[in-house]
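A.B. asks: Build the 3D model from these lines:
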Amino acid sequence: MSYPFIRTTYGRRMAALALDWLACYAIVAALSGGVNKMNPSSSLYVLVIFFLEVWILITLQGATLGHRLFGMKVVRFEDGGAISLLQALIRTVFLVLVVTAVTFDENGRGIHERLSGSVLTRS
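C.D. replies: The predicted structure is shown next:
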């Protein structure tokens, strides 16, 4: 039996993801001297900062900046508790592989959430 959770919509998920990505993009742009000064390798830096942001914030707070602003949090699927460092790492690795994040099961969880034993819920 799984923890009863309130599903979050696909639109909220994508809006939070876009906000997190744009925040990481802004950090790289600021550190590289502006958008006009960014080079092709900057996209790799954006991905690395995005990975670190998601992993660290989900581990420590249960939500990224985008999740917080759109009223969501990440919890364990079984009991609704905070996820572990390893669960957050597994979730983040598979989230960055995009395909696993856009395929959902009957519970509204992506592959990255099923493999990590987590779920994104309304807070």
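A.B. asks: Would you confirm that residue 120 belongs to a strand?
C.D. replies: Yes. Assessed by DSSP: H, G, I helix; E, B strand; the rest coil, residue 120 belongs to a strand.
A.B. asks: so who does it touch?
C.D. replies: Residues near residue 120 by CB atoms under 8 Å, 6 or more residues apart in numbering: 8, 13, 67, 72-74, 109, 113. Heads up, the C-betas are built off the backbone N, CA and C, glycines and all.
A.B. asks: where does the protein have low pLDDT?
C.D. replies: 1-3, 99-102 (pLDDT under 70).
A.B. asks: any idea where the strands of it begin and end?
C.D. replies: 72-76, 118-122 (DSSP state E).
A.B. asks: right, and residue 53 touches residue 66 too?
C.D. replies: No. Contact between residue 53 and residue 66 fails when scored by CB atoms under 8 Å: they sit 9.6 Å apart.
A.B. asks: Pull the number of nearby residues for residue 6.
C.D. replies: Neighbours of residue 6 under the rule other CB atoms under 10 Å: 8.
A.B. asks: what's the answer for residue 36, then?
C.D. replies: Residues near residue 36, counting by other CB under 10 Å: 7.
A.B. asks: Show me what the closest residue to residue 81 other than its chain neighbours is bridged to.
C.D. replies: Excluding the flanking residues, the one nearest residue 81 by CB to CB, 6 or more residues apart in numbering is residue 75, at 6.5 Å. Beta-bridge partners for residue 75, by DSSP bridges, are residue 119.
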